[in-house]
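Undergrad: Got a predicted structure plus its sequence, pasted below:
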Amino acid sequence: MTCEKVAIIGAGPTGIASAVQLKRYGLEPFLFESDQAGGLVRNAWKIENYPGFPDGISGIELAGIMQKQLRKAGVLPIFQRVKKLTYHHDSEQFILQTDINNYRAGAVIVAAGTKAIRPNFVDRLPERINKRILSEVYPLLSIAEKRIIIIGAGDVGLDYTVNLAHANDVIVINRSECSQALPLLKNLADKSGRISIMSNTEVRDVVETSGGRLEMSLEREGELYQIEADYIVAAIGREPADDFIDDEFRRYENDLIECGRLYYAGDISNGIYRQVGIAVGDGLMAAMRVFRKLKERKQCI
Ligand SMILES: Cc1cc2nc3c(=O)[nH]c(=O)nc-3n(C[C@H](O)[C@H](O)[C@H](O)COP(=O)(O)OP(=O)(O)OC[C@H]3O[C@@H](n4cnc5c(N)ncnc54)[C@H](O)[C@@H]3O)c2cc1C
């Protein structure tokens with residue numbers, strides 16, 4: 001089928017679902033990914049609420065299955081970060097700018113998910129220290145017998161903790177008295193002999209020791225403490241990953257959404273409702289809407 005090009009930004013569960021559905025219609029979408037296909041799900045310790053896996057499935061395994069499905073559907077992601085998204089009214093085309101090329105598309109599904117909020121103190125740290133302060137855990141899943149500090153005791157912080165504590169000692173820093181995480185995660189953290197949680201504690205600073213480890217200064221009830229670690233993982237919140245959209249684009253994006261050329265789908269647009277099942281459903285719906293609009297505009301023949 002000859003069709004106007006559709007571009008999808010992000011190959012997490014949302015973008016993968018969109019791409020597979022568009023392929024089923026006979027389209028050849030561009031699927032852009034700045035990292036690896038699978039998205040945020042690669043960090044999840046165990047996903048128990050996505051239908052089809054009665055015993056639950058680790059995030060890394062689920063991402064692997066999704067990558068396989070992409071390959072089987074014949075979708076080859078373009079592993080480039082979209083740096084800027086613009087729309088040219090005269091040609092009715094979007095331009096997706098990457099470091100390597102400019103790509104044109106008649107419709108765009110923005111499925112870029114969320115990005116981590118980084119703690120303030122990282123800005124003034126040298127790069128060699130910053131490299132060991134992460135916001136996701138999948139790069140650490142193969143390490144063992146290290147000490148890791150997790151900042152944040154919400155769902156994501158405790159999920160990261162349980163994921164890493166099978167082979168490492170993990171200290172969780174919690175600003176408040178109680179964790180807001182799922183009871184299931186709290187129970188697992190309580191039972192593990194390798195996890196300690198410091199409540200009512202604020203991070204003050206991080207420096208490098210002469211031995212090359214990270215030393216974190218903490219304050220609890222007016223007292224200062226220092227603890228050493230090999231890695232720090234910050235889980236203090238996430239925000240939409242929309243750096244490639246500027247104010248000018250924002251001025252006319254509602255018109256593009258209304259005329260069915262632009263779609264936001266998945267975590268980037270779902271506020272606190274960030275779950276794989278929702279993301280996949282959103283991705284499918286965006287693809288179905290795109291195709292319907294292309295047919296209405298007689299852009300598919
Ligand atoms: C620790 C943890 C545990 C979780 N546990 C569960 C669970 O048990 N059950 C559940 O249902 N959900 C869980 N989730 C949530 C789930 O992972 C997300 O809801 C889901 O991954 C969202 O999919 P998405 O495709 O919208 O976004 P993402 O998965 O974030 O994917 C977005 C993709 O876009 C890419 N991207 C971003 N910007 C650009 C750009 N400019 N150019 C190109 N590519 C770009 C990113 O690299 C990423 O691959 C968990 C999340 C975390 C962090």
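TA: Looks like it came in fine. Numbers count the residues shown, from 1 in each chain.
Undergrad: three-state assignment of residue 150?
TA: Three-state secondary structure (criterion: DSSP: H, G, I helix; E, B strand; the rest coil) places residue 150 in strand.
Undergrad: Next, count neighbours for it.
TA: When neighbours are defined as other C-beta atoms under 10 Å, residue 150 has 28 of them. Every C-beta, even on glycine, is put in place using the N, C-alpha and C of the backbone.
Undergrad: isn't it right next to residue 171, touching?
TA: Yes. Counting by C-beta atoms under 8 Å, residue 171 is a contact partner of residue 150 at 7.2 Å.
Undergrad: Got phi/psi on the residue in the stretch 51-200 of the chain positioned nearest to the ligand?
TA: As assessed by C-beta to the nearest ligand atom, the ligand sits closest to residue 113 within the stretch 51-200 of the chain, at 2.2 Å. The phi/psi pair for residue 113 (degrees, to the nearest 10) reads phi 70, psi -150.
Undergrad: Now do the same for it: its pLDDT.
TA: At residue 113, the model reports a pLDDT of 98.
Undergrad: How about it: what's its closest non-neighbour residue?
TA: Spatially, and ignoring its direct neighbours in sequence, residue 113 is nearest to residue 267 (4.5 Å; C-beta to C-beta, 6 or more residues apart in numbering).
Undergrad: Quick one: residues contacting the one you found.
TA: 12, 14, 40, 113, 114, 238, 240, 274, 279 (C-beta atoms under 8 Å, 6 or more residues apart in numbering).
Undergrad: run the last query once more with 6 Å
TA: Going by C-beta atoms under 6 Å, 6 or more residues apart in numbering, residue 267 touches 113, 114, 274, 279.
Undergrad: Burial check on the second one, number of neighbours?
TA: Right, residue 114. 19.
Undergrad: same question, the first one
TA: Per other C-beta under 10 Å, the neighbour tally for residue 113 reads 26.
Undergrad: Distance of it relative to residue 91?
TA: 29 Å (C-beta to C-beta, to the nearest Å).
Undergrad: can you check residue 25 too?
TA: 23 Å.
Undergrad: which two from the contacts of residue 267 end up farthest apart in space?
TA: Greatest spatial distance in the contacts of residue 267: 114 and 279, 10.8 Å, computed using C-beta to C-beta.
Undergrad: For the stretch 51-200 of the chain, which residues are neighbours of the ligand?
TA: For the stretch 51-200 of the chain, the residues in contact with the ligand (C-beta under 6 Å from any ligand atom) are 81, 82, 111, 112, 113, 114, 156, 159, 160.
Undergrad: one more time with 8 Å, if that's ok
TA: 59, 80-83, 98, 111-115, 136-137, 155-156, 159-160, 163 (C-beta under 8 Å from any ligand atom).
Undergrad: Drop anything exposed from those.
TA: 59, 80-82, 98, 111-114, 136-137, 155-156, 159-160, 163 (16 or more other C-beta atoms under 10 Å).
Undergrad: you'd agree residue 23 is up against residue 76?
TA: No. Residue 23 lies out of contact with residue 76 (C-beta atoms under 6 Å); the separation is 11.0 Å.
Undergrad: just to revisit the earlier point, between residue 25 and residue 91, point out the one with more neighbours.
TA: Set residue 25 next to residue 91 and count neighbours by other C-beta under 10 Å: residue 25 wins out with 18 against 10.
Undergrad: related to what we said a few turns ago, take the buried ones among the residues of the stretch 51-200 of the chain next to the ligand and keep only those in helices.
TA: Using DSSP state H, the members of these that fall in helices are 59, 155, 156, 159, 160, 163.
Undergrad: now the fifth one, nearest residue through space, not along the chain?
TA: Nearest non-adjacent residue to residue 160, counting by C-beta to C-beta, 6+ apart: residue 137, 4.6 Å away.
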